[in-house]
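> let me see the structure of the following:
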Amino acid sequence: MKLFLIPLVMVMACTGKPTDTADTATETDTDTDTDTDTDTDTDTDTDTDTDTDTDTDVVDDSFCDTYVATCGAWPVAEISCADWWAAAAPGTDGDSTGATQACYSYHLDVATQQSDQAMIDAHCAHSIGAADADGAAPCTDG
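Model prediction:
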């Protein structure tokens, strides 16, 4: 009986199984690079602007607060006191007639100084451009 010795490299070539002999084959990488950029932006901007608005047409909360304290609840359901006040023309300080903030303020101030309820009611009406019980409505444009 004769034994045939087959070199181990030949076994590898026929069986596809690894052997301990050196691999002399050159491989080519055909994989496609699918890496994605996962960079995250961590910028933090700081606002250094300073508001220097000196607008003098600000809602005068003190008028509305004084009205409620002197005259009772705001009587106009369609508009808030603050919005009504902001929409009124400024007028001239001390005006006692005309549809202006100055006239409304004048009459509200008069109402705060009264002790007679009829006078308080009359000037509260004037302070929102309404007529008093006698029909006088000095804070209107008519």
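
> hey, where'd the helices end up in the chain?
In the chain, the helices defined using DSSP state H lie at 8-15, 61-71, 81-87, 101-112, 117-126.

> any buried residues in the third one, and which?
When you say that, I think you mean helix 81-87. Residues of helix 81-87 classed as buried by neighbour count (16 or more other Cβ atoms under 10 Å): C81, W84, W85. Quick note: C-beta positions are derived from backbone N, CA and C, even for glycine.

> how about the fourth one?
Under the neighbour-count criterion of 16+ other Cβ under 10 Å, helix 101-112 has Q101, A102, C103, Y104, S105, Y106, H107, L108, V110, A111, T112 buried.

> name all residues that make contact with the fourth one.
Right, Y104. Going by Cβ atoms under 8 Å, 6 or more residues apart in numbering, Y104 touches F63, W85, A88, H126, S127, I128, G129, C139.

> can you check the last one too?
Contacts were defined as Cβ under 8 Å, 6+ apart; by that measure T112 touches T66, T70.

> ok, it to S127 distance?
10 Å (Cβ to Cβ, to the nearest Å).
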